[in-house]
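> This is the structure alone, sequence omitted:
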């Protein structure tokens with residue numbers, strides 16, 4: 001019994017405390033990743049409470065590290081938790097798919113008509129403008145979509161014009177002022193200033 005009692009504190013220091021630090025770091029870094037996402041989208045009422053929880057968990061984790069400076073396992077657990085927290089946070093942010101994106105597609109002039117029509121019929125707001133590249137006349141097509149619909153937009157682009165060049169950017173704010181496709185009006189999505197039937 002005496003030997004068992006003597007070994008229990010050591011086991012807790014070597015295994016238990018590092019494991020708790022590892023979990024705490026995963027949690028606070030995951031919350032931090034979500035907080036940064038909310039800040040970038042202007043959602044301050046969600047970012048503020050998350051910031052409070054994040055710092056509270058961090059203080060608890062670092063206090064345990066400082067109390068066990070002679071235990072190398074706490075350092076490893078702290079670093080591993082930070083790395084895993086980044087992974088989990090990004091994975092969760094992708095699953096939530098919050099906010100909107102603008103997809104900018106550059107395609108040869110003759111290919112643009114089919115692409116703008118397909119995007120419009122799929123319920124996405126589309127605006128196209130004339131441009132010119134090294135190979136001649138081009139079209140720049142702007143589309144605003146929810147993050148969860150990004151795969152659908154990309155699939156349409158690849159299906160109709162596999163060689164099209166496109167970029168994707170976050171949209172922090174938009175203001176819907178133009179008439180939209182009937183399908184979009186039913187779903188009340190983010191249309192933005194780019195909504196409206198594309199000109200051919």
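Yes, it's here. In this text the structure is predicted, and so the values were computed from the model without any measurement.

> Using the record's assignment, carve the protein into domains.
For the chain, automatic domain parsing gives the domain ranges 2-96, 100-187.

> what's the offset of the shortest one from the middle of its chain?
This points to domain 100-187. Chain-centre distance of domain 100-187: 20 Å, with C-alpha atoms, centre = their mean, to the nearest Å.

> which regions of this structure sit below the pLDDT cut-off?
Applying pLDDT under 70 to the chain picks out residues 1-14, 97, 109-111, 172-200.

> ok, which stretches of it are strands?
For the chain, the strands defined by DSSP state E cover 100-108, 125-133, 136-146, 165-171.

> TSV for the domains of the chain, including mean neighbour count?
The C-beta positions use only the backbone N, C-alpha and C, and glycine is treated the same way. As requested, those are exported to TSV (neighbours: other C-beta atoms under 10 Å):
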stretch	mean neighbour count
domain 2-96	16
domain 100-187	16
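
> if we can go back for a sec, so which of the strands of the chain is nearest residue 63?
Across the strands of the chain, residue 63 has its closest neighbour in strand 165-171 (35.9 Å, C-beta to C-beta).

> all helices in this structure, in order from the N-terminus.
Ranges of helices within the chain are 2-11, 17-40, 44-67, 72-96, 109-121, 150-160, 182-187, based on DSSP state H.

> can you redo the ones you listed as CSV with distance to residue 140?
Below are the helices of the chain laid out as CSV (distance: least, C-beta to C-beta, whole Å):
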stretch, distance to residue 140
helix 2-11, 64
helix 17-40, 25
helix 44-67, 33
helix 72-96, 27
helix 109-121, 9
helix 150-160, 13
helix 182-187, 21
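
> for those helices, which one sits closest to residue 137?
Checking the helices of the chain against residue 137 by C-beta to C-beta gives helix 109-121 as the closest, at 4.0 Å.
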